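Student: structure, please.
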Amino acid sequence: METETKNEKTGRVLRGTVVSDKMKDTVVVAVNRLVKHPKYKKFMRITKRYKAHDAGNTKHTGDSVEIIECRPISKDKHFKIV
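Tutor: Just a heads-up that it's a prediction; the model follows:
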């Protein structure tokens with residue numbers, strides 16, 4: 001009657017669009033977010049690009065994807081596609 005609990009940390013989950021799929025097992029995902037300027041109160045659109053692991057090269061440019069934070073896979077890759 002022993003229950004096992006898994007102590008797996010869940011990282012950030014981000015939604016974005018694939019902007020490059022030219023690398024092997026890697027895609028570049030652009031994530032957009034809105035940030036309010038502290039002084040002028042205007043909303044700014046911030047775009048950040050993340051490299052994500054895509055085992056099998058299943059995603060292509062223009063696809064909407066969800067990526068989750070994981071252990072470092074390489075120097076630049078810290079996300080994988082859900």
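Student: from now on I want contacts and neighbour counts done on CA atoms only, so please keep to that.
Tutor: Noted.
Student: can you tell me the centre-most residue of this structure?
Tutor: Nearest to the mean C-alpha position of the chain, counting by C-alpha atoms, centre = their mean, stands Ile67 at 3.6 Å.
Student: what sits against Leu34?
Tutor: Phe43, Met44, Arg45, Ile46 (C-alpha atoms under 8 Å, 6 or more residues apart in numbering).
Student: which of those sits closest to Asp76?
Tutor: Distance to Asp76 across those (C-alpha to C-alpha) is lowest for Ile46, with 19.8 Å.
Student: can you give me the pLDDT of the closest one?
Tutor: On pLDDT, Ile46 comes in at 98.
Student: I'd guessed it sits against Asn32; true?
Tutor: Yes: using C-alpha atoms under 8 Å, Ile46 makes contact with Asn32 at a distance of 5.7 Å.
Student: the more surrounded of these two?
Tutor: Asn32 (15 against 11; other C-alpha atoms under 10 Å).
Student: and the more buried one, how far from Thr26?
Tutor: Distance from Asn32 to Thr26, counting by C-alpha to C-alpha, to the nearest Å: 19 Å.
Student: still on that earlier bit, list the ones among the contacts of Leu34 that fall in helices.
Tutor: Residues of the contacts of Leu34 located in helices (DSSP state H): none.
Student: leaving out chain neighbours, which residue sits closest to the residue nearest to the centre of the chain?
Tutor: Leaving aside its chain neighbours, Ile67 sits nearest to Ile81 (4.4 Å; criterion: C-alpha to C-alpha, 6 or more residues apart in numbering).
Student: next, count neighbours for that neighbour.
Tutor: Ile81: 21 neighbours (other C-alpha under 10 Å).
Student: touching, Thr17 and Val65? I think so.
Tutor: Yes: Thr17 is within contact range of Val65, at 6.0 Å (criterion: C-alpha under 8 Å).
Student: just give the number of residues close to Val19.
Tutor: Val19: 17 neighbours (other C-alpha under 10 Å).
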